[in-house]
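Novice: Okay, here's the prediction I keep looking at, along with the sequence it came from:
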Amino acid sequence: MNIPLNIDWQQILLHLFNFGILTGGLYLLLYKPIKAFMDKRTAYYKDMEAAAQAKLAEAENVKEQYDEKLAGADEEIAVKKKETMAKANDEAEKQLQDAKAQAEKYMQNAREDMAREHDRILEESKKEVAELAVEATRKLLAQTAKDPYESFLQNVDGGAADEH
Amino acid sequence: MKEKKQKTGIVVWILSLIALLVASIALNKPGGKPETIQEVMKDAVLHEHNKLSLFGIIDVNPAVVSAFTVTGILLVFALIIRIFVIPKFKYVPGKLQLLLESWVGLFDGLAKSNSPHRNGFLGLYVFSAGTYIFTSTLFELLGLQAVTTGGISIALPAPISDVNAAIALGCLSYIVILSGGIAGNGLKGVGRTLKDFSLPISMSFRLFGALLSGLLVTELVYYYIALSFVLPVVVGVLFTLLHALIQAYVLTMLTALFYGEVSERHERVAVA
């Protein structure tokens, strides 16, 4: 059949074949790699933006937390101060009690030491007196053949006169 | 002294031009029986006489050879870009990268804006069709020569100035629209696409008519030697550039528009 306008199915198919080759070639060589690169870049910047947004949100969150902390800081400082004062008072009281106890202990020890020393001195004095007495007696006995009683009296008198 | 030399140069240049013009008119001996303007125009439209041999296999219209040549040029260009340019792409693009990205982004954006729900294949099709129409229309500016089977030397025309190429592209666009309708809405999509049954004809002949009108005007101008100076610059270059841009835009825009229309899902709203 002779189609008007010189329309030829074979040539239409040839044009379609040619266009098919062109489309395939352009897809593989240009369209796909360029689009892939553009998508990759878009994803890169999206990720970047998402990361920036996340960091911004985190920063906002931290700022809010700090604001809250700042607002409660005075109250916290007062509480801390009160706590510290109470603690310091307790500590001072405790130290005072300890010091008193220590002083008491020292006093007690001193008293005991004094009593012990007193007793010891007393004991020693007694001992010395007794020894002196024994010694004196021994000397008297050894010195005189007089009546021991007389001699004793003379010695005692002589000793008293010497003392005066 | 310098001005005098310049004036002498201009006079010599003008005289040379006049001599060349006179010589070219004087040497214009018609070789055999000249073609009438009617014959030239008819051949430009119908391509009945001048045939080219395609790889020595079949005789075809010159537009088929033009089409394969354009495809070859484009693919070689794409291959060079793929090997030497694309691997060096950076996140902050240079001039060439920007041009390539704009080129792909233009058609991809056209597909996405006209068919937001389904545009994967459409983007590729409009990219390919737009590139082909634009490049093949500009191709006629190169004036590549070919020898017909009858031994006559002719300038290769723009592929789409042949009605067969225009029909191929118009029908293919319709098939792409139909495929979008089927993919989006099944049988309902087929119905919607077939509703616009005049679409392939209108698309084909719009392309053919636009390209042919440019070709006829150019042929008309070139037929008369008196019109062969200065005027072809406007007629040939500017008209061709405008055609290339307008036709590439019109066909891709219409295809994307109809594709988006027929592939759009219409959910039925449940009546409570």
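Specialist: Nice, I can see it. Residues are numbered from 1 along each chain as shown, chains lettered A, B, ... in the order given.

Novice: Now residue B:190: which helix or strand?
Specialist: Assigned by DSSP states H and E, residue B:190 falls within helix B:187-195.

Novice: Show me what that helix packs onto, helices and strands only.
Specialist: helix B:163-185, helix B:239-263 (3 or more Cβ pairs under 8 Å, 6 or more residues apart in numbering or on different chains; DSSP states H and E). Placement of C-beta: from N, CA and C, glycine included.

Novice: Which positions within the longest one qualify as buried?
Specialist: Looking back up the chat, that one is helix B:239-263. Applying a neighbour-count criterion of 16 or more other Cβ atoms under 10 Å in any protein chain shown, one finds B:239-240, B:243-244, B:247-248, B:250-252, B:254-256, B:258-263 buried in helix B:239-263.

Novice: The helix or strand containing residue B:69: what's the following helix or strand?
Specialist: Using DSSP H and E, residue B:69 sits within helix B:62-80. Once the chain leaves helix B:62-80, the next helix or strand it forms, by DSSP H and E, is helix B:95-114.

Novice: and that next one, C-alpha only, in PDB?
Specialist: Output of helix B:95-114 as PDB, limited to C-alpha atoms (Å, rounded to 0.1, in the frame of the first residue of the first chain):
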ATOM      1  CA  LYS B  95      31.300  25.300  34.800                       C
ATOM      2  CA  LEU B  96      31.100  22.200  32.800                       C
ATOM      3  CA  GLN B  97      29.800  20.100  35.600                       C
ATOM      4  CA  LEU B  98      27.200  22.800  36.300                       C
ATOM      5  CA  LEU B  99      26.200  22.700  32.600                       C
ATOM      6  CA  LEU B 100      25.800  18.900  32.600                       C
ATOM      7  CA  GLU B 101      23.900  18.900  35.900                       C
ATOM      8  CA  SER B 102      21.600  21.700  34.600                       C
ATOM      9  CA  TRP B 103      21.000  19.700  31.500                       C
ATOM     10  CA  VAL B 104      20.000  16.500  33.400                       C
ATOM     11  CA  GLY B 105      18.300  18.500  36.100                       C
ATOM     12  CA  LEU B 106      16.200  20.500  33.600                       C
ATOM     13  CA  PHE B 107      14.500  17.400  32.200                       C
ATOM     14  CA  ASP B 108      14.400  15.500  35.500                       C
ATOM     15  CA  GLY B 109      12.800  18.600  37.100                       C
ATOM     16  CA  LEU B 110      10.300  18.800  34.200                       C
ATOM     17  CA  ALA B 111       9.300  15.100  34.800                       C
ATOM     18  CA  LYS B 112       9.100  15.600  38.600                       C
ATOM     19  CA  SER B 113       7.000  18.800  38.400                       C
ATOM     20  CA  ASN B 114       4.500  17.400  35.900                       C
END
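
Novice: For chain A, find the nearest of the helices and strands packed on helix B:187-195.
Specialist: helix B:163-185 (3.7 Å; Cβ to the nearest Cβ).

Novice: So what would you say the end-to-end distance of stretch B:75-88 is?
Specialist: For stretch B:75-88, the separation between the terminal residues is 19 Å (Cα to Cα, to the nearest Å).

Novice: okay, the angle between the longest helix along chain A and helix B:95-114?
Specialist: Determined from DSSP state H, the single longest helix within chain A is helix A:32-143. Put simply, helix A:32-143 runs at 100 degrees to helix B:95-114, going by axes from the mean of the first three to the mean of the last three Cα atoms, to 10 degrees.

Novice: Which elements pack onto helix A:32-143?
Specialist: Using 3+ Cβ pairs under 8 Å, 6+ apart, helix A:32-143 sits against helix A:148-163, helix B:95-114.

Novice: list the buried ones in the helix or strand that comes right after the last one?
Specialist: Past helix B:95-114, heading to the C-terminal end, the next element that is a helix or strand (DSSP H and E) is helix B:120-139. Using 16+ other Cβ under 10 Å as the test for burial, helix B:120-139 gives B:122-139.

Novice: From the chain's centroid, how far away is helix B:120-139?
Specialist: 9 Å (Cα atoms, centre = their mean, to the nearest Å).

Novice: what distance separates whichever helix or strand comes after it from the centre of its chain?
Specialist: In the C-terminal direction, the helix or strand that comes right after helix B:120-139 (DSSP H and E) is strand B:145-147. Remark: strand B:145-147 is offset 19 Å from the chain centroid, using Cα atoms, centre = their mean.

Novice: Can you pull out the low-pLDDT segments for chain A?
Specialist: A:1-2, A:5, A:143-148, A:151-152, A:159-164 (pLDDT under 70).

Novice: Could you rerun that using 80?
Specialist: A:1-6, A:140-164 (pLDDT under 80).

Novice: Burial check on residue B:115, number of neighbours?
Specialist: When neighbours are defined as other Cβ atoms under 10 Å in any protein chain shown, residue B:115 has 25 of them.

Novice: That one contacts residue B:255, correct?
Specialist: No - at 9.7 Å, residue B:115 does not count as touching residue B:255 under the criterion of Cβ atoms under 8 Å.

Novice: got any residues that touch both of those two?
Specialist: residue B:122 (Cβ atoms under 8 Å, 6 or more residues apart in numbering or on different chains).

Novice: Leaving out chain neighbours, which residue sits closest to residue B:116?
Specialist: Closest residue in space to residue B:116, ignoring its immediate chain neighbours: residue B:260 at 7.4 Å, by Cβ to Cβ, 6 or more residues apart in numbering or on different chains.

Novice: In contact with the one you found, which residues?
Specialist: By Cβ under 8 Å, 6+ apart, the contact list for residue B:260 reads B:114, B:115, B:116, B:117, B:118, B:119, B:122, B:180.

Novice: now it: how far from residue B:119?
Specialist: Distance of residue B:260 to residue B:119, given as Cβ to Cβ, to the nearest Å: 8 Å.

Novice: How about residue A:85?
Specialist: Counting by Cβ to Cβ, the gap from residue A:85 to residue B:119 is 74 Å.

Novice: Residue B:219 now?
Specialist: Residue B:219 is 40 Å from residue B:119, by Cβ to Cβ.

Novice: just residue A:29 next, same as before
Specialist: The gap separating residue A:29 from residue B:119 is 21 Å, by Cβ to Cβ.

Novice: for residue A:123, same thing?
Specialist: In this view, residue A:123 and residue B:119 are 122 Å apart by Cβ to Cβ.

Novice: The two: who's more crowded?
Specialist: Neighbour count, other Cβ under 10 Å: between residue A:123 and residue B:119, residue B:119 has more, with 23 against 10.

Novice: how about the nearest residue to the more buried one, chain neighbours excluded?
Specialist: Of all residues not flanking residue B:119 in the chain, residue B:111 sits nearest, at 4.1 Å (Cβ to Cβ, 6+ apart).

Novice: Report the contact partners of the one you found.
Specialist: For residue B:111, the contacting residues are B:119, B:122, B:123, B:126, B:256, B:259, by Cβ under 8 Å, 6+ apart.
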